[in-house]
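[1] task: produce atomic coordinates for the following.
(4 chains)
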There are 2 protein chains.
Amino acid sequence: MSPAHRNPALTRSGNVRAGQTVKALLRLRQMILDAEIKAGERVPELAVAERTGISRTPIRAALLQLAEEGLLQPSTSGGFIVRAFDEGEVFDAIDLRGTLEGAAARRASERSLSHADLAPLRDCVGAMDSIAQRRKPGSEFFSDYVRLNERFHHLLVELANSAVLRRALEQILALPFASPSAFVLAQAELPRAREILQKAQQQHHAILNAIADGQGARAEILAREHSGLAKQNLRAVAAREADMKRVVGGALIKRRIIPATIGAEAKSRRRRRKISRK
Amino acid sequence: MSPAHRNPALTRSGNVRAGQTVKALLRLRQMILDAEIKAGERVPELAVAERTGISRTPIRAALLQLAEEGLLQPSTSGGFIVRAFDEGEVFDAIDLRGTLEGAAARRASERSLSHADLAPLRDCVGAMDSIAQRRKPGSEFFSDYVRLNERFHHLLVELANSAVLRRALEQILALPFASPSAFVLAQAELPRAREILQKAQQQHHAILNAIADGQGARAEILAREHSGLAKQNLRAVAAREADMKRVVGGALIKRRIIPATIGAEAKSRRRRRKISRK
DNA sequence: TCATGCTGAATTGTATACTTGTTTGGGTTT
DNA sequence: AAACCCAAACAAGTATACAATTCAGCATGA
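    Numbers count the residues shown, from 1 in each chain, chains lettered A, B, ... in the order given. Next up is the predicted model:
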């Protein structure tokens, strides 16, 4: 998407010369997700430019891109502010992912794919099986699982073979908490962790089989239902603020129940006279 | 999305002071859709800057935006080229719109909306009824119909009350031929024009009723099915090149059957020696 | 005490100069 | 004659200077 995507590698100097725009994009996204810039705050171009040593032009491009992704929101007075999401929006995002993955599963089912076409997906599910059967979840347990899980969902979309569908899913996945494995880390803390994981794995199997059998409607429903697990995790995790910190971009999600104290407003500069209206 | 969204009077109205970025965006989009720049061609910043009297910076922002919308494609060597769509992609885009509108209809159904909430949608359908019953389609016939049709689809999404869903639909509707009324004008030339229009209107009624009755699954299927009409129109229109010219952005759609002559390549400059690679 | 309008600092939006990379055409060599 | 190399032209990426707008803070007056 970014115009500087083409800069794959090095210049003659041998230095990793990623385009400034890409650098700015990555840095800014990190800053937002790590809550270095807090939700609701403005993102001043100049400050970012000074801090990163990148000039304003690429930074501006990155801001534009991040606004496209939905992490930033254009301010009425120009510039951008970090978007805050309430629990409902996160829910809706996961729901939409379910809808789109359902559409993908249906399309994949209707393409009468060969056995070989489905091999990668089958292998992926198989690999997850062997992970899920480990007695003791080791340190790489979850990172392995997350990787395979993302691969599963990625393959699903690829099998649908629709550029527009892929684009739509890319858009929604730009919201980190909409990702299929967004809550896996937090889920690990839940008492029913293993149970949830096994249920997810059963669903992976079911989706794969439905696609292999060309059962489009069934595959769609199953894929959609599969996203219900993420919704369930969201509900469980959102209840405890501590768990929310384990979710990538969790700082962007504002709790529904706002404390009575207006502590949040104290530190950010506020217009003292908003009664000026009329 | 664009940083200059804040400009009060922006789009189709007689905008007195639009930001340069917005101006560039509108101008460029028009140039692309009118095939002033043909599909597959590069869009040179400087040329556009000279031609429009706008400096490169806002033009670059507009190019970025248009790439986000999907009308432009980043080139490997930097810059952008006008994207070409084959018939399959147009089909997929309409299909995806159907999926998303289906999701919207379902959500709307499940919100237990009051009679008053549905009034705008009901009024819209009513207005379309009175148009559809006109004996002689006048000059404003189609423009009125198109306006109301777009309004219907817009209201449908609003009733779903989901920001992410709205965003996803905005993305797909940025492709002009994915619009619900993209083929209405071309459809008018078809022999079964009136019949198609009446069928569409029946579907509008059915969707409205399903939502009013809270029948989510039914509303979803109906809305999805409704997009089938557009697919049908696409098939009918795509058969004849002349009709394709009546479709907005039709120049971006490349025919499936490519003539044996390589005439298209003759005019565009080609690299003579691509064997230079090692 | 509060409303109102002015002013200056800050920040975004725009233009342009400059740098870096890609392309292309011609000359050279085999 | 074909392939290759090099260099000049060109276009995109980046930095920075400049203009326009916004907003806080203060002064002024009711």
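[2] count the residues that sit near the residue nearest to residue A:201 when sequence neighbours are not counted.
    Excluding the flanking residues, the one nearest residue A:201 by CB to CB, 6 or more residues apart in numbering or on different chains is residue A:132, at 5.1 Å. Bear in mind the C-beta positions are built from the backbone N, C-alpha and C, glycine included. Using other CB atoms under 10 Å in any protein chain shown, residue A:132 has 18 neighbouring residues.
[3] confirm for me that residue A:132 is in contact with residue A:198.
    Yes. Assessed by CB atoms under 8 Å, residue A:132 is found in contact with residue A:198 at 6.2 Å.
[4] name the residues of the helix or strand residue A:123 falls within that are buried.
    Using DSSP states H and E, residue A:123 falls within helix A:119-132. Judged by neighbour count (16 or more other CB atoms under 10 Å in any protein chain shown), helix A:119-132 contains these buried residues: A:121, A:122, A:124, A:125, A:127, A:128, A:131, A:132.
[5] for residue A:211, state which of the residues you listed is nearest.
    The closest of those to residue A:211 turns out to be residue A:121 (CB to CB; 7.6 Å).
[6] and residue A:176, what does it touch?
    A:33, A:182, A:248, A:249 (CB atoms under 8 Å, 6 or more residues apart in numbering or on different chains).
[7] and what of residue A:174?
    Taking CB under 8 Å, 6+ apart as the test, what residue A:174 contacts is A:69, A:70, A:71.
[8] number of residues surrounding the first one?
    Counted with other CB under 10 Å, the burial measure for residue A:69 works out to 21 neighbours.
[9] does it touch residue A:173 like I think?
    No. Assessed by CB under 8 Å, residue A:69 is found out of contact with residue A:173, at 9.5 Å.
[10] ok, which stretches of the stretch 151-278 of chain A are helices?
    Shown for the stretch 151-278 of chain A, the helices assigned by DSSP state H, counting those that start in this stretch span residues A:163-173, A:184-187, A:193-212, A:216-238, A:241-244, A:263-267.
[11] could you do the stretch 1-150 of chain A as well?
    Counting by DSSP H, counting those that start in this stretch, the stretch 1-150 of chain A has helices at residues A:20-33, A:45-52, A:56-69, A:87-109, A:119-132, A:141-160.
[12] hey, which of the ones you listed is tucked in deepest?
    Of all these, helix A:87-109 carries the top mean neighbour count, a mean of 24, counting by mean count of other CB atoms under 10 Å in any protein chain shown.
[13] off-centre distance for that helix?
    Here helix A:87-109 is found 13 Å from its chain centre; the criterion is CA atoms, centre = their mean, to the nearest Å.
[14] again, but for stretch A:50-59
    Distance, centroid of stretch A:50-59 to centroid of chain: 26 Å (CA atoms, centre = their mean).
[15] near chain B, which residues of the stretch 51-200 of chain A?
    Within the stretch 51-200 of chain A, the positions lying close to chain B (CB under 8 Å from any CB of the partner chain) are A:57, A:60-61, A:63-65, A:67-68, A:70, A:74-80, A:89, A:92-93, A:95-96, A:99-100, A:103, A:162-165, A:167-168, A:171-172, A:175, A:178.
[16] sketch out the low-pLDDT regions of chain A for me.
    Counting by pLDDT under 70, chain A shows low-confidence ranges at A:1-18, A:135-139, A:256-278.
[17] center of it - which residue?
    Ranked by distance to the mean C-alpha position of chain A (CA atoms, centre = their mean), the top residue is residue A:176 at 2.3 Å.
[18] now do that one against residue A:204, distance only.
    Taken as CB to CB, to the nearest Å, the spacing of residue A:176 relative to residue A:204 amounts to 22 Å.
[19] if we can go back for a sec, which among the helices of the stretch 1-150 of chain A is found nearest to residue B:209?
    That would be helix A:87-109 among the helices of the stretch 1-150 of chain A, by CB to CB, at 22.6 Å.
[20] what are the contacting residues of stretch A:35-55?
    A:20, A:23-24, A:27-28, A:30-31, A:56, A:59-60, A:63, A:72, A:75, A:79-84, A:251-252, A:254, A:268.
[21] could you redo the last one with a cut-off of 7 Å?
    Stretch A:35-55 has contacts (CB atoms under 7 Å, 6 or more residues apart in numbering or on different chains) with A:20, A:23-24, A:27-28, A:31, A:56, A:59-60, A:63, A:72, A:75, A:79-84, A:251-252, A:254, A:268.
[22] within reach of DNA strand C, which of those are there?
    Among those, the residues that sit close to DNA strand C (CB under 7 Å from any atom of the strand) are A:56, A:60, A:79.
[23] got a list of what the second one touches?
    Under the criterion of CB under 7 Å, 6+ apart, the neighbours of residue A:60 are residue A:45.
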